[in-house]
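Student: Task: produce atomic coordinates for the following.
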Amino acid sequence: MYATAMVMLAFVPMVLLGGALILLGGHAGGEIEHPLAVVVVGGLVTSTLLNLLLGPTLYAWTSASRGDDLGGR
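Tutor: Model prediction:
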């Protein structure tokens with residue numbers, strides 16, 4: 001979890017400043033770095049949300065349909 005957060009934070013400057021640098025003339029390779037950073041951050045956010053929300057929901061749904069007790073007693 002912490003590793004994902006650190007990678008997302010590392011790409012945020014590229015996402016925020018990349019578009020501005022491209023408009024101002026930017027640096028070599030800037031037109032490639034900005035879209036790549038957007039895709040990486042979007043993928044990390046999506047996968048994190050799916051793991052935190054969809055995984056437990058599917059587990060609760062399948063265990064309830066089998067009649068398992070989620071209380072663990």
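
Student: What separation is there between R66 and Y59?
Tutor: 11 Å (Cβ to Cβ, to the nearest Å). The way it works is simple: take the backbone N, C-alpha and C, and place the C-beta from them, glycine included.

Student: and what of E33?
Tutor: Taken as Cβ to Cβ, the span from E33 to Y59 is 38 Å.

Student: In terms of packing, which of these two has more residues around it?
Tutor: E33 (19 against 12; other Cβ atoms under 10 Å).

Student: Now the helix or strand hosting the more buried one: average pLDDT?
Tutor: Under the criterion of DSSP states H and E, E33 resides in helix 30-49. Averaged across helix 30-49, the pLDDT comes to 82.

Student: for it, packing partners?
Tutor: Here helix 30-49 touches helix 2-23, going by 3 or more Cβ pairs under 8 Å, 6 or more residues apart in numbering; DSSP states H and E.

Student: To what extent is the closest residue to V15 other than its chain neighbours buried, counted in neighbours?
Tutor: Distances taken as Cβ to Cβ, 6 or more residues apart in numbering put A37 closest to V15, at 4.8 Å, once the chain neighbours are dropped. A37: 19 surrounding residues under other Cβ under 10 Å.

Student: Am I right that A37 is in contact with L17?
Tutor: No - at 9.6 Å, A37 does not count as touching L17 under the criterion of Cβ atoms under 8 Å.

Student: Pull up the distance across stretch 13-33, start to finish.
Tutor: 11 Å (Cα to Cα, to the nearest Å).

Student: coming back round to it: could you measure from the residue nearest to V15 over to A64?
Tutor: A37 is 40 Å from A64, where distance means Cβ to Cβ.

Student: Also T57?
Tutor: Counting by Cβ to Cβ, the gap from T57 to A64 is 11 Å.

Student: Same question for L36.
Tutor: For L36, the distance to A64 - Cβ to Cβ - is 41 Å.

Student: if you count what's nearby, which of those two comes out ahead?
Tutor: L36 (14 against 11).
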